[in-house]
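Novice: Following is a predicted model, sequence given first.
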Amino acid sequence: MSVHNDTFLNDAGIPDTGNASIVIVHTEWNAFIVDALKDGCVRTLEKYGVKKIRVLQVPGAFELPFACKKAYETSPAPRPDAIIALGCVIRGDTPHFDYVCQSVTDGVTRLNLTLPVPVIFGILTVDDAAQAEARVGGAHGHKGDEAALTALKMIRFNENV
C-alpha cells in the first residue's frame, strides 16, 4: 500500500513563478539518490516557470544548515524567495545516523525560524537504499518534486501573510 499523498501534488497555492528565485543546496553523499532528488526538484521548478535556480553542493547532510544560511546571506539582491535542502542519510550500524538526522533537522528548523524565507526540508532519512529509491519515483512518490512544490507553495504563503 502506498502512503504517498497525491492530493499534495495539485497546483493549488502555486504562485506566478516568473520572478521567483530559488536556491537548492544538496549533498554529494549518497549521490545515487540525491542526484535524483535534485533532478526532480529542478524539473518541477522549471515546469512551473522558475528561471532563477541556483544549485550548490556540500559534502554531507550535516553541512546543509550552514550552507543554506550562507547561500541566503551571500546571494545578490534580490535574495532567494526559498531555499531547498536536499540530502539522503541512510542508517548504518552506529548511532551516527541519529546524530546527523537530529542535527540537520534542528538546523533547518532554526533557519526557518530566523531567515525571512522558507527553507524546505528535502532530506531523506531512511533505513536502507530501497527505502530511498522508493522516494525518488517509487511507491512513495518523488520527494524532489515534492520539495519543489513545497517551496513554491511557501513562497505564496510568505507573500500573503
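Specialist: Done, it's in. Numbers count the residues shown, from 1 in each chain.
Novice: residue ranges for the helices of this protein, please.
Specialist: 31-47, 64-74, 96-114, 129-133, 143-160 (DSSP state H).
Novice: for the last one, what is the average pLDDT?
Specialist: What that stands for is helix 143-160. Mean pLDDT, computed over helix 143-160, is 95.
Novice: sorry, back to before: can you list the helices of the chain in TSV and add distance to Val55?
Specialist: No exception for glycine: its C-beta is placed from N, CA and C like everyone else's. Converted to TSV, the helices of the chain look like this (distance: least, C-beta to C-beta, whole Å):
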stretch	distance to Val55
helix 31-47	7
helix 64-74	10
helix 96-114	18
helix 129-133	20
helix 143-160	12
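Novice: Report the separation between the closest residue to Arg54 other than its chain neighbours and Arg91.
Specialist: Nearest non-adjacent residue to Arg54, counting by C-beta to C-beta, 6 or more residues apart in numbering: Val23, 4.7 Å away. In this view, Val23 and Arg91 are 28 Å apart by C-beta to C-beta, to the nearest Å.
Novice: Those two: which has the busier surroundings?
Specialist: Val23 (24 against 14; other C-beta atoms under 10 Å).
Novice: Nice, that's everything, thank you.
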